[in-house]
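[1] model this:
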Amino acid sequence: MTVEVKEGQDIQKVVQLLIEHHGHEKSELIPILQEINSKFGYISDDAITEISERMNIPSSHIYSVATFYRMLSTERHGQHVIQFCESAPCHVAGGRMVWERLQKELGLKKGETSEDEKWTLLTTSCLGVCGVGPVMVIDNDIYGNVTPEQVPDILSHYS
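    I've put the predicted structure just below:
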């Protein structure tokens, strides 16, 4: 069960609600960070400070957890996040050509977010589905055996 967040609710109130829901135990830090990341698109410095004060956990520890897990981000991302696998199996299967097409279609380079904040383009070392490379994930959707020709159609599902 997740906590209901109202549009425009400030981070202090959201953190308070999440801690009331999950509890003050250090073991609840990851679920709290996941919900903040999901609701705001990233974990801000203000969120880390608020969690630190309310849970009595050093902000350096919270930051290290938030930056360790790939599913969490401390940087603002676009509405849709693309993670492209750059591992050797995906590269051998034609990943370089798919990557070049992605960059061309989006007008972005690795790590960039579009000006309209619709897209963020990231790479990852492995997505764990090497048998169907090249692979990319958009939000939580996994695409395997991707060809350069499929890229525009895949992106069109996220308009």
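[2] tell me what the worst-scoring helix or strand of the chain on mean pLDDT is packed against?
    Every helix and strand in the chain was compared by mean pLDDT, DSSP states H and E; the lowest is helix 88-90, with a mean of 88. The helices and strands touching helix 88-90, judged by 3 or more C-beta pairs under 8 Å, 6 or more residues apart in numbering; DSSP states H and E, number zero. Heads up, the C-betas are built off the backbone N, CA and C, glycines and all.
[3] show me which residues of it are buried.
    Within helix 88-90, the residues that qualify as buried are 89-90, counting by 16 or more other C-beta atoms under 10 Å.
[4] now do the domain split for the chain, please.
    Here the domain assignment for the chain is 11-68, 80-156, based on automatic domain parsing.
[5] turn those into a markdown table, including distance to T74.
    Compiled in a markdown table, those are given as follows (distance: least, C-beta to C-beta, whole Å):
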| stretch | distance to T74 |
| --- | --- |
| domain 11-68 | 5 |
| domain 80-156 | 13 |
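[6] can you map out the strands along the chain?
    Secondary structure of the chain by DSSP state E: the strands cover 80-85, 119-124, 136-138, 141-143.
[7] to R54, which of the ones you listed lies closest?
    Closest to R54 of the strands of the chain, according to C-beta to C-beta: strand 80-85, at 27.7 Å.
[8] what mean pLDDT does the closest one have?
    Mean pLDDT, computed over strand 80-85, is 93.
[9] contacts for that strand, please.
    Contact with strand 80-85 is made by 70, 95, 98-99, 102, 106, 118-127, 133-139, 158, as judged by C-beta atoms under 8 Å, 6 or more residues apart in numbering.
[10] any of these buried? List them.
    Buried by 16+ other C-beta under 10 Å: 95, 98-99, 102, 106, 119-122, 124, 127, 133-138, out of those.
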